[in-house]
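> Next come a sequence and a model predicted from it.
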Protein chains: 2
Amino acid sequence: MPASKEHTLGEFDLIRRFFASETDADGVVQGIGDDCAILLPPPGQLLATSVDTLVSEVHFPANADPADLANRALRVNLSDLAACAAQPLWFTLALTLPEPDTVWLEGFSRGLREAAQKFGIALVGGDTTRGPLCITIQVTGAAERPLTRAGAQPGDLVYVTGELGAGAAALPLVLSGDAGASHWVQARNAFYYPQPQLEAAALIAPFASAALDVSDGLLADLGHICEQSGVGAEVHAEKVPVAELAAQTLDHDAALAMAVSGGDDYQLCFTVPAQSRSELERLVSAGVLEATEIGRVIEGNAVRMLKSGAEWQPPATGYTHF
Amino acid sequence: MPASKEHTLGEFDLIRRFFASETDADGVVQGIGDDCAILLPPPGQLLATSVDTLVSEVHFPANADPADLANRALRVNLSDLAACAAQPLWFTLALTLPEPDTVWLEGFSRGLREAAQKFGIALVGGDTTRGPLCITIQVTGAAERPLTRAGAQPGDLVYVTGELGAGAAALPLVLSGDAGASHWVQARNAFYYPQPQLEAAALIAPFASAALDVSDGLLADLGHICEQSGVGAEVHAEKVPVAELAAQTLDHDAALAMAVSGGDDYQLCFTVPAQSRSELERLVSAGVLEATEIGRVIEGNAVRMLKSGAEWQPPATGYTHF
């Protein structure tokens, strides 16, 4: 609405000072402050782009620390770039806020700036509006040979990077908001500071046949690879690397259930032709890639989970619902 | 949150069927359905990108027709591409909805599809979340020589495309929601179906020195050009083309005030070096460009409004606030 818009812009003009443009970043011809950001894409590469919205009380507690929140918002988006083996270029922020709270904005913009610097991505544009707290970030990266969920073939090996289950194990602790609780620091780090696997993605890009990031849970996400590739998969539960936070805060079976069905890990699940195993194991042995072989791609259309050689169904995890 | 996310995705999976991917669009290697959209930017061109959020009850009435709303959401973003003389390539949609209302979604997706086809832009990705109704669209276009707000020089002529004041005059009618009211159709068209000036932008791009779209109101927007270009401007109120809807529904002074201070017109305001006037007038005479010379760029840093040769301050417009 024109008048309320002027009014809102008046109020929200102050927001600009929190999100300074980074016109010195590579390829950014014009950053924040014009009708559009003007960008020079790296020649000869494809672009990968992904958008995610976080809504207060749906995706995070309303009283979350704003710097933590900014980190999560940017990092989960960067994880989508990692899933495609794209390297970060630039991002935009659409921020809806009930009021221009300068303390909150200071924390949020600081967290965002730190995360952006850490992962080498430039904030090039955005929109700030009045309304219920809602954060939409769109990231764009470049890839010579982007990985997708399609491309897995029967006989390929299934790998995951890092360890799984920390994101889901962290959730009840994060929701409690009890900074004095045991494992609070690990839970906060797992939930708000996931590590987008950009370096791992660059290492596996030359030979992986399919990839995605584990956001909905390993079983569900591997199911997406199967669906898009027209294959099935077989996973050995014992081989799934369980995150320390899950192992320390839950009994063995619950921790394993979190690792296979929990979400929010932002590790990569990827498939590799069998003839590339030695090359992959070389990267793992050299300590440059943390990845574990957990199963293989088979004919079919479903993910089978095996434990001690028998078909196994992970128990319902019973997370706290928001 | 993992569990609520699964839950939400379950509910919202149905949304996918409303927003089919357009993988046959130029440069779209992978549309909706993977972690990222994979895009091939046109070689040798710059990209222009802009993001805007519309929040229910802040930017539009909650009971707005969803097809109307989709049109407005996409068209106001396309207007930012026109402001930079960029031609549309692709866009993403981050849609937050209280519940997956299939009737609403059918209307919204139909409106979005129609607008996207009309302006030749492909929906390549998005995110759907549960929460208060909120629509974020990010458009990307390509430009060989993008126009910005900087570049106006003293002596340049100031032009606007089309007519001004319709957006602001439409607002009280649109807010009334009274489809039986006199001028309802014109008001609805002005507010929900603004015409992004993409063709005009392509015509003026070779010789315009600065440009933007009139979203905050002519005076405020021309002020943005002055600020970014380090110049002043002088506008003759009598020369400002007043939209029919404003002229028909308001007295002469109020209509003029809407034209110079109202917002939401999505026409272009641009500056042209004096030596290009004849070329511009030729386009206007030939009927391919609708543009009116309304003033000139001067030394200084402010916009001066003249009426009958004397300094003139438009009266406060007193729009309905949302």
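That came in fine, so what should we check first?
> Is there any residue in stretch A:291-311 that contacts chain B?
No. Stretch A:291-311 stays clear of chain B (CB under 8 Å from any CB of the partner chain), getting no nearer than 15.3 Å. Every residue, glycine included, has its C-beta placed from N, CA and C.
> what's the first-to-last distance across that stretch?
This stretch, stretch A:291-311, spans 24 Å end to end (CA to CA, to the nearest Å).
> Identify each buried residue in it, please.
Within stretch A:291-311, the residues that qualify as buried are A:Ala291, A:Thr292, A:Glu293, A:Ile294, A:Gly295, A:Arg296, A:Val297, A:Ile298, A:Val303, A:Met305, A:Lys307, counting by 16 or more other CB atoms under 10 Å in any protein chain shown.
> Repeat that for stretch A:269-276.
Per 16+ other CB under 10 Å, stretch A:269-276 contains these buried residues: A:Cys269, A:Phe270, A:Thr271, A:Val272, A:Pro273, A:Ser276.
> Surely the fifth one touches A:Ile204?
No. Using CB atoms under 8 Å, A:Pro273 is not in contact with A:Ile204; the gap is 11.7 Å.
> Low-confidence stretches in chain A?
Scanning chain A with the threshold set as pLDDT under 70 gives A:1-16, A:20-24, A:316-322.
> Now the residue of the stretch 101-250 of chain A found nearest chain B. Nearest residue, chain neighbours left out?
Proximity of the stretch 101-250 of chain A to chain B (CB to the nearest CB) peaks at A:Gly131, 3.5 Å away. Distance criterion CB to CB, 6 or more residues apart in numbering or on different chains; nearest residue to A:Gly131, sequence neighbours excluded, is B:Val55 at 3.5 Å.
> The one you found: how many residues sit nearby?
By other CB atoms under 10 Å in any protein chain shown, 20 other residues sit near B:Val55.
> Could you identify the most distant pair in the buried residues of stretch A:291-311?
Distance extremes for the buried residues of stretch A:291-311: the farthest pair is A:Ala291 and A:Lys307 at 21.1 Å, using CB to CB.
> from what I can see the residue of the stretch 101-250 of chain A closest to chain B touches A:Thr96, true?
Yes. Look at A:Gly131 against A:Thr96 with CB under 8 Å: they come within range, at 4.2 Å.
> Find the residues that touch each one of those two.
B:Thr53, B:Val55, B:Cys134 (CB atoms under 8 Å, 6 or more residues apart in numbering or on different chains).
> quick one, what contacts A:Glu293?
Listed by CB under 8 Å, 6+ apart, the contact set of A:Glu293 reads A:Leu157, A:Val158, A:Tyr159, A:Lys239, A:Arg277.
> What of A:Val76?
A:Asp52, A:Pro194, A:Pro196, A:Ser215, A:Tyr266.
> Tell me the one of those nearest A:Cys36?
Using CB to CB, the shortest approach to A:Cys36 within the contacts of A:Val76 belongs to A:Asp52, at 21.4 Å.
> and the closest one, that one's in a helix?
No. Judged by DSSP: H, G, I helix; E, B strand; the rest coil, A:Asp52 forms no part of a helix; its state is strand.
> looking at the sheet around it, what are its partners?
Per DSSP bridges, residues listed as beta-bridge partners of A:Asp52: A:Ile137.
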